[in-house]
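Enquirer: what follows is a protein structure lacking sequence information:
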């Protein structure tokens, strides 16, 4: 089966740094992505890791360790607008047919003033 | 501007009725996907299509059907066999075969039972 685990909730204050972890068990692995979703909205792409290591995009960074089946999203200089749900997603290739994505349950981030 | 358009934004279904959710994209993407999201939950894959006239079942395909007659369009029908259809439905598309290319999502359709 395919499963991803994330913490359900994280709370932090403005200006702080927060890390959201993701562990996965999937049959096949072709990369880990992160998406942000505000209440009632569509998910938007934040970051992608295909290889081990750290990827940095502005205030957001993402890390992957394939040997540990683990990744995280790091958000720095938190702002109120970062309050949202964050999802990790693993790209898989079932039966070598195309690609699809398995999503984690999501982590709800609340940023306090 | 390129993007994905889902319609309607809100949809109500009566018992025993089939309803169809529209998804259109002008991003020239080969791959398209349908997800279901329940409150406070992650996204679960219903169906996906890598190319016109071909599609595959995802994890929760029972009670749903799709077609892919045009590259731009991937409609989802929620049939009367789906006994618990109330959810937020999201359509997405992506470039085929490139892992670092993100999925682009539509704004979603909220389906409720009357």
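Expert: Sure, I can see it. Note that this is a predicted model, so its numbers are computed, not measured.

Enquirer: against residue A:61, how distant is the residue nearest the centre of chain B?
Expert: Centre of chain B computed as the mean C-alpha position; nearest residue by CA atoms, centre = their mean is residue B:34, 2.9 Å away. According to CB to CB, to the nearest Å, residue B:34 and residue A:61 sit 31 Å apart. C-betas here are computed from N, CA, C, even on glycine.

Enquirer: where in chain B is pLDDT low?
Expert: Along chain B, segments meeting pLDDT under 70 span B:1, B:97-100.

Enquirer: now the strands for it?
Expert: Secondary structure of chain B by DSSP state E: the strands cover B:4-7, B:10-13, B:19-25, B:31-37, B:43-51, B:54-57, B:64-66, B:76-78, B:87-94, B:104-105, B:109-113.

Enquirer: before we move on, the earlier item: identify the residues contacting the residue nearest to the centre of chain B.
Expert: B:23, B:45-48, B:58, B:64, B:66, B:74, B:76, B:89-92 (CB atoms under 8 Å, 6 or more residues apart in numbering or on different chains).

Enquirer: one more: residue A:52?
Expert: Residue A:52 neighbours (CB under 8 Å, 6+ apart): A:64, A:65, A:66, A:67.

Enquirer: residue A:109 too?
Expert: Listed by CB under 8 Å, 6+ apart, the contact set of residue A:109 reads A:9, A:10, A:11, A:12, A:18, A:20, A:75, A:82, A:83, A:84, A:85, A:86.

Enquirer: and the last one, bridged to which residues?
Expert: Beta-bridge pairing for residue A:86 (DSSP bridges): residue A:36, residue A:107.

Enquirer: do me a favour and get the end-to-end distance for stretch A:29-47?
Expert: End-to-end span of stretch A:29-47 (CA to CA, to the nearest Å): 16 Å.

Enquirer: now that stretch: buried residues?
Expert: For stretch A:29-47, the neighbour count (16 or more other CB atoms under 10 Å in any protein chain shown) marks A:29, A:31-37, A:42-43, A:45-47 as buried.

Enquirer: tell me which two in those residues are the farthest apart.
Expert: A:29 and A:42 (25.2 Å; CB to CB).

Enquirer: from the contacts of residue A:109, which is closest to chain B?
Expert: residue A:85 (8.6 Å; CB to the nearest CB).
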